[in-house]
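# what shape does this take:
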Amino acid sequence: MITNFFIPELNNHDVQELWFQQDGATCHTARATIDLLKDTFGDRLISRFEPVNWPPRSCDLTPLDYFLWGDVKSLVYADKPQTLDHLEDNIRRVIADIRPLMLEKVIEDWTSRLDYIRASRGSDTPEIIFKM
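This next block holds a predicted model:
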């Protein structure tokens with residue numbers, strides 16, 4: 001996917017200032033994959049064991065994890081797409097439908113989460129349940 005789709009698609013865009021973030025899943029961090037991404041993004045790669053390390057247990061502090069993936073996934077699969085074209089259309093539609101007000105709420109929630117972590121001086125916070 002990276003070689004056949006992602007990198008060729010990036011060639012149509014200016015990526016000099018673009019950062020790439022992927023989660024720390026072992027299957028996403030194979031050396032060949034990381035080498036391809038480093039060739040494109042250099043030090044602007046956020047990944048496990050790479051120039052900018054994926055923060056441990058960051059799902060509660062990363063809007064992509066606690067908001068976008070779950071929210072988008074539930075909407076994308078709501079009508080149970082049966083073809084790749086249908087799935088792609090749903091993804092495009094759902095992403096396009098995200099409104100600025102929703103993003104403002106996500107940012108407010110994110111800053112609240114960061115404030116809590118700062119106040120706890122980075123200690124474990126297992127008793128906290130973050131809500132969107």
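# can we go C-alpha only for contacts and neighbour counts from here?
Will do.
# for residue 67, see how far away the nearest residue to residue 76 once chain neighbours are set aside is.
Distances taken as C-alpha to C-alpha, 6 or more residues apart in numbering place residue 90 nearest to residue 76, at 5.2 Å, with adjacent residues excluded. Separation of residue 90 from residue 67 (C-alpha to C-alpha, to the nearest Å): 17 Å.
# comparing the two, which residue is more hemmed in?
When neighbours are counted by other C-alpha atoms under 10 Å, residue 90 comes out ahead of the other of residue 90 and residue 67, with 21 against 17.
# can you pull the pLDDT of the more buried one?
Residue 90 carries a pLDDT value of 95.
# is it true that it touches residue 74?
No - contact criterion C-alpha atoms under 8 Å: residue 90 and residue 74 do not qualify, at 10.8 Å.
# ok but the residue nearest to residue 76 is inside a helix, no?
Yes - counting by DSSP: H, G, I helix; E, B strand; the rest coil, residue 90 is located in a helix.
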